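Participant: got a structure for you, letters missing:
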């Protein structure tokens, strides 16, 4: 059985396309309009990678999905909005108590429903955990039964190392 990270990477291939499904439909309906780069996926992200700003100097860093190997993973679905900010602040306190160092068998991965790369980057910088790079994550939302309207309410799915759902908020 595939691990959650492998499924996430396969289902969210980085192609430089328009991330937000609603915006994508708008641009597909009018192909003469060029989309702003802010709505395009993170084409710099290496395959099978996660992004974090928790490294030295707070700079954007890509890490291999292998850091999730053998760990229980909390998939945090949401987007940059006031309700999610409050949840992230509170959850970050719990995360820092539970996860003392990188060897602990638990990790959280933010799965974005953000509609712009600027929103995504600004929000991910506030998180002590990892995130999938900015891209279309709709297949991952479908895989774990998370409605796309999670933009207004965060959802946490805990997945075991063998990709079994242990908790579905």
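Facilitator: Great, that's in hand. Just so it is clear, the model here is predicted, and its values are computed rather than measured.
Participant: now stretch 118-131: buried residues?
Facilitator: Buried residues in stretch 118-131, counted by 16 or more other CB atoms under 10 Å: 119, 120, 121, 123, 124, 127, 129, 130, 131. Glycine gets a C-beta too; all of them are placed from N, C-alpha and C.
Participant: check contacts around the third one.
Facilitator: Residue 121 makes contact with 60, 134, according to CB atoms under 8 Å, 6 or more residues apart in numbering.
Participant: ok, which stretches of the protein are helices?
Facilitator: Residue ranges of the helices in the chain, as given by DSSP state H, are 4-11, 21-29, 82-98, 117-124, 138-143.
Participant: comparing the ones you listed by mean pLDDT, which bottoms out?
Facilitator: With a mean of 48, helix 4-11 has the lowest mean pLDDT of the helices of the chain.
Participant: could the buried residues of stretch 118-131 go into a markdown table alongside distance to residue 88?
Facilitator: Compiled in a markdown table, these are given as follows (distance: CB to CB, whole Å):
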| residue | distance to residue 88 |
| --- | --- |
| 119 | 13 |
| 120 | 13 |
| 121 | 15 |
| 123 | 8 |
| 124 | 10 |
| 127 | 6 |
| 129 | 9 |
| 130 | 13 |
| 131 | 11 |
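Participant: show me which of the residues you listed is closest to residue 50.
Facilitator: Comparing these against residue 50 with CB to CB picks out residue 130 as the nearest, at 4.2 Å.
Participant: for residue 76, see how far away the closest one is.
Facilitator: Residue 130 sits 10 Å away from residue 76 when distances are taken as CB to CB, to the nearest Å.
Participant: any common contacting residues for these two?
Facilitator: 108, 109, 110.
Participant: please name the nearest non-neighbouring residue to residue 124.
Facilitator: Computed as CB to CB, 6 or more residues apart in numbering, the closest residue to residue 124 that is not its neighbour in sequence is residue 131, at 4.7 Å.
Participant: kindly report the same for residue 78.
Facilitator: residue 154 (4.0 Å).
Participant: you'd agree the one you found is up against residue 84?
Facilitator: Yes: contact criterion CB atoms under 8 Å: residue 154 and residue 84 qualify, at 5.1 Å.
Participant: as a check, name the ranges of all strands in the chain.
Facilitator: Along the chain, the stretches classed as strands by DSSP state E are 49-52, 61-64, 72-78, 106-112, 130-131, 155-159, 165-168.
Participant: hang on, the earlier thing: quick check on the residue nearest to residue 78: phi, psi?
Facilitator: phi -70, psi 150 (degrees, to the nearest 10).
Participant: which residues of the chain score low on pLDDT?
Facilitator: Within the chain, the segments meeting pLDDT under 70 span 1-29, 31-41, 149-152.
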